[in-house]
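>>> Could you look at this predicted model? Sequence included:
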Amino acid sequence: MNIREALAAEHSKRQTMKIVEHVGGDPERFKELMKVFLSDEYRPVQRASWSVNCCVENHPKLALPYFPKLIALLERDDVHTGAHRNILRMFQFVDIPPRHRGRLYDICTRFLDDLSRPVGVRVFALTVAAKIADGEESLINELKVMADKSIPHSTIALRVRARDVFGDKRRTRN
């Protein structure tokens, strides 16, 4: 299967699952998919993101070689917010290598604190930041303050995610 051609042919769940099945846990096939995802072509990137997410959810280690490039994309403002959302969603499923934790935590807290960001980006940023902060009381407290500040200006999605992340039942009533 030519992944680029498959992505161009159709954008559907059926096609996405075909691509995910084709890639499986094969690093070479995933590399072909990531080549499309990391390109500067809007539509192919958009279409590849769903397949990339599903592949990483099924085989988290596939993402490891791409951490530097994915984090660099998160730092770019000229990238579609959908790419930011999908990269952060992907990071929920992988063990964050220690050398990337500080930089990624900073990015996530900036996204969470930026009320102009779409709620999906902020929800996944909260999840990834909390995953990185796990066990670090000062970082968890910092995230709670940011979440508390954001919740009154957000949708129920962020309230529920904050409740799930922090185990705080009162957050859904704000």
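Happy to help now that I have it.

>>> Do you have the helices of the chain handy? List them.
3-9, 13-23, 27-37, 42-58, 67-74, 81-91, 98-113, 119-133, 137-150, 156-166 (DSSP state H).

>>> need those in JSON lines with mean neighbour count and mean pLDDT, can you?
No exception for glycine: its C-beta is placed from N, CA and C like everyone else's. JSON lines is the format used below for those (neighbours: other C-beta atoms under 10 Å; pLDDT from 0 to 100):
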{"stretch": "helix 3-9", "mean neighbour count": "16", "mean pLDDT": "95"}
{"stretch": "helix 13-23", "mean neighbour count": "16", "mean pLDDT": "96"}
{"stretch": "helix 27-37", "mean neighbour count": "18", "mean pLDDT": "97"}
{"stretch": "helix 42-58", "mean neighbour count": "20", "mean pLDDT": "92"}
{"stretch": "helix 67-74", "mean neighbour count": "16", "mean pLDDT": "95"}
{"stretch": "helix 81-91", "mean neighbour count": "22", "mean pLDDT": "91"}
{"stretch": "helix 98-113", "mean neighbour count": "17", "mean pLDDT": "95"}
{"stretch": "helix 119-133", "mean neighbour count": "23", "mean pLDDT": "93"}
{"stretch": "helix 137-150", "mean neighbour count": "16", "mean pLDDT": "86"}
{"stretch": "helix 156-166", "mean neighbour count": "18", "mean pLDDT": "85"}
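
>>> quick check: domain ranges of the protein?
Listed by automatic domain parsing, the domain ranges of the chain are 1-95, 98-174.

>>> who touches the most centrally placed residue in the chain in this structure?
Nearest to the geometric centre of the chain sits residue 88, at 1.5 Å (C-alpha atoms, centre = their mean). By C-beta atoms under 8 Å, 6 or more residues apart in numbering, the contact set of residue 88 is 74, 108, 111, 121, 124-125, 127-128.
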